[in-house]
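*Asks:* Curious how this folds, go ahead:
(chains A, B and C)
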Amino acid sequence: MKSAPRVPVLKTYKQFIGGAFPRSESGRSFVLEDAKGRPIANVCQGSRKDFRDAAVKARAALEDWSARSGYNRAQILYRLAELVEGRSDQLVAELKQQGATAAAARTEVERTTDLLIYYAGWGDKYQQIFSTVNPVASPHFVFSVPEPAGVVALIAPDEGALLGLVAALCPIVVGGNAVIALASESKPLSSITFSEVCAAGDVPPGVINILTGFRKELLPHIAGHMDVNAVVYCGDDPSERKTVETEASRNVKRVIVTGAGGEDPYRIMETQEVKTTWHPVGF
Amino acid sequence: MSTLQAPYPSWSPSPPVDQVGVEERVARLSARSIKKGSKVTALKLALSMIDLTTLEGSDSVGKVRQLCDKAKHVHDALPDLPHVAAVCVYPTLVRTAKEALAGSGIRVAAVATAFPSGQADRETKLRDTRFAIDEGADEIDMVISRGEFLEGNFGYVYDEIAAIKAVCDRAQLKVILETGELGTLDRVREASDLALAAGADFIKTSTGKIQPAATPPVALVMMEALRDFHLRTGQKRGLKPAGGIRAAKQAVQYLVMLRETLGDEWLTPERFRIGASTLTNDIVMQIAKETEGVYQSNDYFSQA
Amino acid sequence: MSVVSVERKSAPEPAWTYAPAPESADPGIRKRYGLFVNGEFVAPADGKYRTIVNPANEQPLCKVAEGSAADVDRAVKAARQAYTRVWSKMPARERGKYVFRIARLLQERSREFAAAESKNGGKPIRESRDTDIPLAIAHFFYYAGWADKLDFAFPGMRAKPLGVCGQVIPWNFPLLMAAWKLAPALATGNTCVLKPAETTPVTALKLAEIIQMADLPPGVVNIVPGGRPTGQAVVEHPGVDKIAFTGSTAVGKWIMKALAGSSKRYTLELGGKAANIIFEDAAIDQAVEGIINAIFFNQGHVCCAGSRLLVQEGVAGSLIEKLQSRMNHLIVGDPLDKNTDVGAINSKEQLEKIDRYLVIGQEEGATMWQSECPLPQHGYYVRPTLFTNVSQSHRIAQEEIFGPVLAIQTFRTAEEAITKANNTPYGLSGGVWTDKGAKIFKVTRSLKAGVIWANTFNKFDPSSPFGGYKESGMGREGGWHGLAPYVRLERV
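*Replies:* Prediction:
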């Protein structure tokens, strides 16, 4: 007797806040469609309150994360690479759902793994490249070191469903910051699956938070939040940029306007402060 | 009011304390692996050093009587278990405890001096202490005035300890530093040196009412103060870590630290106590595990 | 007043010693090891094997191939081929991934390696488990990350590998020294011929198993165990582009002579006689612990050991008293017991050398004091020892003993301490203990040594450079500085 076809189980795409997967507090969602206009999935339409909650979690997680050794953060990023590699089939399938060819999808997942390893490798090295001992003319020992800016908001690039997000996220996180990312508006699914990787890895809850939703609605609230220290905007829309830069002035947020990322240690320094300390030398 | 010149008699500056160095020494001590026979010896020793404690606003005659029964019968199913060192209660319940423990060899300790905050004037603290002594307390656990200490009024704190000690007469005095409020290990060392100079029989880490309570780094610094006091005066005073010690493993770690810092002569309830309540059962369960060879369940051990 | 004594039922009398706590992990030591050449374990050319002894009980542990000059030649050729055909052509990112693999695989088998290291070399399991193996793993992990980032390391210059590296390592930190040598070499694109010390080849050969598991292309790492002649063959082989050596100053000088006139690059990490300076205003109890770490870590078999104690006169008496009391709590014994603090001396030869110095010290007029601990009946052991009434002119204050023996002198002023500390041909490390920040920096600036520890000692990290001044050697290992010895720089 022929058995009935098995009913597949569809995935619910929730946001990633404080290490957990809540729906939007607003209860809203939007339908993601493929190129032919067919529905793929329901995606949470994140609200400003979701961002607010994420910022609280990020702030709470910051102290511990920034105090960890570079080696420890490096190992955590490397573990994420291991997990992405292990899930590559799932991630490839999801990218194809969102319109990529099989070859492009596989390349994108492989590059994502390699990029995680790349930035893991910087975790305990960028400090040596970007610190100095300053040869002052007085009898003082004076040194300058980078320190994480703190809570960083990231507007992920719209084109890069997986790689774009991870390329922008890595330098922020490896530098000791806690981040709240707004995923690509047109291709948000991979970001949520990547969140699952973060949750399964050793990333402490609150260090990485990922929201889905609409830029136009959320940008002013993100850029204007008084407890966010820096905002990284990956994009080139002039009016979006103007909004970000204007709102950021409220608390003198550092604003970084940038494109798609790649292998670049200078991106780590974009979300770093520099601390200089003086001490006398003498008996 | 202080009558002293340099903060208190025989005052010499306490040595600085390096926190990272202390934590490294603690880490090395906690790498000690205490197994089999030596583990059972340590567990029994720890049991004999417990000040079984109840210090709740809701304490009553009934509660204290039951605690005293537990103190006397920790776990009758296991033979050769020592009894705990003392039961520690509020002054109003000292009489109840004394009656319940009569003839058992278990001492009654009372907290006093406006425990736990210590925010009261000298006269109130003295009266609180006298009451506890009159009710029959064998030991007094007093709190220092942390505010005064942090303001640098070392003479004030010295005087209050000396005054309480005088009231104690033949009762032993434990001085609670409330190390969780002192901020740095340097201050823990200073407070320890001060309390010992003023006459403390025991220096005690905490009231158990705030976090952090006793921690191994704090205990190590206090042991070093006791060691230097012994080197200077020849006298052996005691230490009582209290609060947050729930697991038998922690208790054994403190004993390792004690042995390797102060030496075998401190491995006695005369010189070392642990302020705890739930620790008792965990110790007994560990002893049972060593004897029977299997992990134990709470269901088989009486809750006080 | 003091403690009131009251009649009470007595608790059990404290008679508490620690029961044996043996490490249970299987060290996975084979009965016999060949050489590791071109990705495989192979027999030595002349069929000779050396018996490796467990110094804790003087029992034979295993047999290891003794590499002859012909074996070294084979290994160098394999390394050269691997370099030319595979390793130098591989994209840097992929090269780095192999080194990451080695780190992760070693991490998975860390307990096993710790047990093997202690069994072969004599160091306490607590140290191999908590220090040696984790640091070795960290070195591989750290340098793996540099492989594809060299363009950022040297502004205006491109870093190219040197080719084939000959690396000769000592017996005091066998696996860790292998990691210190292999990791930066591989990350920068070189291939290697490693010669472990004659008494301690085991963990290097176990590392070869990890290298096989990691699928490292054959010939990239080759391991040729053996004695002095084997090391000589590596140094003198014309097919080697660079020599890295850690060992005695005497052999270091021989290597410099042997390489004179050749264009081979070399780095040397040699002996030391470090001064550990304790000022009156130090955190004394932590300083005591620092002294213990400085000279009794790894039985004092450490090139950077704080083997001289310079203590300010005002605190000398009480400090030495505390030191002795602390030394009496050190447990000397079976390296595989988790409670052992001081393990076995690595070899009979080294034991005899240390004993000779104990005699010399007493004959010179210094006063010897040893801890009162019991020693095991068999095996090579020395009690933790200190000498007081030592002068700068004594041999025990000048010559490297390489054992758990501390020579103590007093000083009055900081200038005097600095002079005494620098008055030596060595310059590897030093220690400064004071609570005063300005004094730390003034003293560290004045000491002529490559690694100065302030308010700590014997701290290592893969990101932090290590190496000496003067006769303690040249070149640095660890950190960004550790890349330079393995590359040549060309203008971009």
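*Asks:* Strands of the chain, residue ranges please.
*Replies:* Went with chain A since none was named. Assigned by DSSP state E, the strands in chain A fall at A:29-33, A:39-44, A:132-133, A:140-148, A:151-155, A:178-182, A:208-211, A:230-234, A:254-258, A:272-280.
*Asks:* Sorry, I should have been clearer: chain B.
*Replies:* Assigned by DSSP E, the strands in chain B fall at B:50-53, B:86-89, B:107-112, B:139-143, B:172-176, B:202-204, B:238-240, B:274-276.
*Asks:* Mind checking those strands for the one nearest to C:Lys436?
*Replies:* strand B:202-204 (28.2 Å; Cβ to Cβ). The way it works is simple: take the backbone N, C-alpha and C, and place the C-beta from them, glycine included.
*Asks:* Going by neighbour count, list what's buried in the closest one.
*Replies:* Using 16 or more other Cβ atoms under 10 Å in any protein chain shown as the test for burial, strand B:202-204 gives B:202-204.
*Asks:* again with stretch B:32-52
*Replies:* For stretch B:32-52, burial by neighbour count (16+ other Cβ under 10 Å) applies to B:32-34, B:38-52.
*Asks:* That one near chain C at all?
*Replies:* Yes: judged by Cβ under 8 Å from any Cβ of the partner chain, stretch B:32-52 comes into contact with chain C through B:32-39, B:41-42, B:44-45, B:48-49.
*Asks:* Mind exporting the C-alpha coordinates of that stretch to PDB?
*Replies:* This file holds the C-alpha atoms of stretch B:32-52, laid out as PDB (Å, rounded to 0.1, in the frame of the first residue of the first chain):
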ATOM      1  CA  ARG B  32      44.600  20.100  44.900                       C
ATOM      2  CA  SER B  33      42.900  16.800  44.500                       C
ATOM      3  CA  ILE B  34      41.600  15.400  47.800                       C
ATOM      4  CA  LYS B  35      40.500  11.900  47.500                       C
ATOM      5  CA  LYS B  36      39.400   8.800  49.400                       C
ATOM      6  CA  GLY B  37      40.500   8.600  53.000                       C
ATOM      7  CA  SER B  38      41.900  12.100  53.000                       C
ATOM      8  CA  LYS B  39      38.600  13.300  51.600                       C
ATOM      9  CA  VAL B  40      36.600  11.700  54.400                       C
ATOM     10  CA  THR B  41      39.000  13.000  57.000                       C
ATOM     11  CA  ALA B  42      38.500  16.500  55.600                       C
ATOM     12  CA  LEU B  43      34.800  16.200  55.400                       C
ATOM     13  CA  LYS B  44      34.500  15.100  59.000                       C
ATOM     14  CA  LEU B  45      36.800  17.900  60.100                       C
ATOM     15  CA  ALA B  46      34.700  20.400  58.200                       C
ATOM     16  CA  LEU B  47      31.600  19.100  59.800                       C
ATOM     17  CA  SER B  48      33.100  19.600  63.300                       C
ATOM     18  CA  MET B  49      33.800  23.200  62.300                       C
ATOM     19  CA  ILE B  50      30.400  24.300  61.300                       C
ATOM     20  CA  ASP B  51      28.500  27.100  63.100                       C
ATOM     21  CA  LEU B  52      25.000  25.900  62.100                       C
END
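*Asks:* which one among the buried residues of strand B:202-204 gets closest to C:Gly290?
*Replies:* Relative to C:Gly290, the closest of these is B:Ile203; by Cβ to Cβ it sits at 25.5 Å.
*Asks:* List the residues that contact the closest one.
*Replies:* Applying Cβ atoms under 8 Å, 6 or more residues apart in numbering or on different chains to B:Ile203 gives the contacts B:174-175, B:177, B:192, B:195-196, B:222, B:225-226, B:237-240.
*Asks:* Filter those down to just the buried residues.
*Replies:* Among the contacts of B:Ile203, those classed as buried by 16+ other Cβ under 10 Å are B:174-175, B:177, B:192, B:195-196, B:222, B:225-226, B:237-240.
*Asks:* Could you list which of these also contact chain C?
*Replies:* Checking those against chain C (Cβ under 8 Å from any Cβ), the matches are B:237-238.
*Asks:* Now tabulate the buried ones among the contacts of B:Ile203 in JSON lines and tack on pLDDT and distance to A:Ala137.
*Replies:* Formatted as JSON lines, the buried ones among the contacts of B:Ile203 follow (pLDDT from 0 to 100; distance: Cβ to Cβ, whole Å):
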{"residue": "B:Lys174", "pLDDT": "98", "distance to A:Ala137": "57"}
{"residue": "B:Val175", "pLDDT": "98", "distance to A:Ala137": "52"}
{"residue": "B:Leu177", "pLDDT": "98", "distance to A:Ala137": "47"}
{"residue": "B:Ser192", "pLDDT": "98", "distance to A:Ala137": "45"}
{"residue": "B:Ala195", "pLDDT": "97", "distance to A:Ala137": "49"}
{"residue": "B:Leu196", "pLDDT": "97", "distance to A:Ala137": "49"}
{"residue": "B:Met222", "pLDDT": "98", "distance to A:Ala137": "46"}
{"residue": "B:Ala225", "pLDDT": "98", "distance to A:Ala137": "44"}
{"residue": "B:Leu226", "pLDDT": "98", "distance to A:Ala137": "49"}
{"residue": "B:Arg237", "pLDDT": "98", "distance to A:Ala137": "53"}
{"residue": "B:Gly238", "pLDDT": "98", "distance to A:Ala137": "56"}
{"residue": "B:Leu239", "pLDDT": "98", "distance to A:Ala137": "52"}
{"residue": "B:Lys240", "pLDDT": "98", "distance to A:Ala137": "55"}
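*Asks:* Identify, from the buried ones among the contacts of B:Ile203, the entry nearest to C:Gly252.
*Replies:* B:Ala225 (47.2 Å).
*Asks:* hang on, that closest one packs against B:Asp186?
*Replies:* No: counting by Cβ atoms under 8 Å, B:Ala225 stays clear of B:Asp186, with 11.6 Å between them.
*Asks:* Identify the contacts common to those two.
*Replies:* Joint contacts of B:Ala225 and B:Asp186 (Cβ under 8 Å, 6+ apart) are B:Ser14.
*Asks:* Quick check: residues of the stretch 101-250 of chain A near chain C?
*Replies:* Residues of the stretch 101-250 of chain A lying near chain C by Cβ under 8 Å from any Cβ: A:114, A:117-118, A:120-125, A:127-129, A:141.
*Asks:* burial of the one residue in the stretch 1-150 of chain C that gets nearest to chain A, as a residue count?
*Replies:* Residue of the stretch 1-150 of chain C nearest chain A, by Cβ to the nearest Cβ: C:Gly145 (2.4 Å). C:Gly145 has 27 neighbours, counted by other Cβ atoms under 10 Å in any protein chain shown.
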